[in-house]
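Enquirer: I would like to see how this sequence folds:
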Amino acid sequence: LRGPRGKTVGINKPYGAPEITKDGYKVMKGIKPEKPLNAAITSIFAQSCSQCNDKVGDGTTTCSILTSNMIMEASKSIAAGNDRVSIKNGMQKAKDVVLKEIASMSRTISLEKVDEVAQVAIISANGDRDIGSSIADAVKKVGKEGVITVEESKGSKELEVELTTGMQFDRGYLSPYFITNNEKMIVELDDPYLLITEKKLNIIQPLLSVLEAVVKSGRPLLIIA
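Expert: Numbers count the residues shown, from 1 in each chain. Got it, this is the predicted structure:
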């Protein structure tokens with residue numbers, strides 16, 4: 001309903017510069033009415049946008065507009081003397097019809113067709129072709145089973161796409177004594193055995209048989225605990 005034609009909003013913050021955004025969810029979170037009734041209504045909008053953002057990742061401005069109109073039309077109907085339960089049931093039936101129609105209009109996009117992926121990404125990026133193209137490039141590289149992580153750049157304004165093969169953990173080595181490459185201060189293991197456990201390892205006795213077998217093989221061992 002709004003898409004790239006949505007207006008940009010500046011949200012004042014207690015500290016730092018105002019945040020400039022077109023995202024409906026961020027706008028709703030930034031509104032803090034003083035009156036209890038207005039605050040309650042704003043909370044309803046924020047919850048609606050939050051669910052939309054979690055399930056779809058986009059369309060929060062459209063969600064806000066639909067929520068607003070549903071509340072206004074329901075209020076008019078209640079004021080005209082109609083039963084509240086009947087109104088709620090009618091809205092539920094209308095929702096089911098709309099969702100069914102939207103599902104019939106949808107089509108699957110092939111990840112192999114970069115142009116189609118880029119079109120969707122550009123729309124989600126508020127018409128920014130550079131961001132859309134970068135997202136399409138990332139999707140093509142990792143494929144259907146891959147995972148894409150977005151991080152905020154530090155200092156640099158350049159948009160970068162980095163491909164990491166294998167698995168990545170947000171943890172490092174437990175001790176600097178494990179370092180094998182002193183120049184880069186990293187641990188490099190060639191074709192290691194992997195030992196993964198949920199338990200905390202405080203003593204070596206439970207691992208003795210495993211360690212003996214690894215030593216005989218001549219291969220390194222990576223423990224993730």
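Enquirer: Next secondary structure after the helix of greatest length in the chain?
Expert: Within the chain, and with DSSP state H defining each element, the longest helix by residue count is helix 84-105. The first helix or strand that comes after helix 84-105 along the chain, using DSSP states H and E, is helix 114-124.
Enquirer: Contacts for that following helix next, please.
Expert: Here helix 114-124 makes contact (Cβ atoms under 8 Å, 6 or more residues apart in numbering) with 3-4, 57-58, 109-111, 128-129, 131-133, 135-137, 139-140. C-beta: built from backbone N, CA, C; applies to glycine.
Enquirer: which residues touch the very next helix or strand once past that helix?
Expert: Moving toward the C-terminus from helix 114-124, the next helix or strand (DSSP H and E) is helix 129-142. Helix 129-142 has contacts (Cβ under 8 Å, 6+ apart) with 111-112, 114-115, 117-119, 121-125, 146, 148, 159, 161, 163.
Enquirer: Filter the contacts of helix 114-124 down to the buried ones.
Expert: 58, 128, 131-133, 135-137, 139-140 (16 or more other Cβ atoms under 10 Å).
Enquirer: Dump these into a markdown table; add pLDDT and distance to residue 29 as well.
Expert: Listed next are the buried ones among the contacts of helix 114-124 as a markdown table, based on pLDDT from 0 to 100; distance: Cβ to Cβ, whole Å:
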| residue | pLDDT | distance to residue 29 |
| --- | --- | --- |
| 58 | 78 | 16 |
| 128 | 80 | 22 |
| 131 | 85 | 22 |
| 132 | 85 | 25 |
| 133 | 87 | 29 |
| 135 | 86 | 24 |
| 136 | 86 | 29 |
| 137 | 86 | 31 |
| 139 | 86 | 28 |
| 140 | 84 | 33 |
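Enquirer: okay if I get the residues you listed as a markdown table plus distance to residue 172?
Expert: Putting the buried ones among the contacts of helix 114-124 into a markdown table (distance: Cβ to Cβ, whole Å) gives the following:
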| residue | distance to residue 172 |
| --- | --- |
| 58 | 34 |
| 128 | 34 |
| 131 | 30 |
| 132 | 34 |
| 133 | 33 |
| 135 | 29 |
| 136 | 32 |
| 137 | 29 |
| 139 | 29 |
| 140 | 30 |
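Enquirer: now the contacts of helix 129-142: which count as buried?
Expert: Here, 16+ other Cβ under 10 Å leaves 117-118, 121-122, 124-125 buried among the contacts of helix 129-142.
Enquirer: Could you measure from the spatially most central residue of the chain over to residue 82?
Expert: The residue lying closest to the centre of the chain (Cα atoms, centre = their mean) is residue 57, at 6.6 Å. Applying Cβ to Cβ, to the nearest Å, the value for residue 57 to residue 82 is 36 Å.
Enquirer: State the mean pLDDT of stretch 149-167.
Expert: Average pLDDT, stretch 149-167: 76.
Enquirer: what residues does it touch?
Expert: Applying Cβ under 8 Å, 6+ apart, the contact partners of stretch 149-167 are 130-131, 134, 137-138, 141-142.
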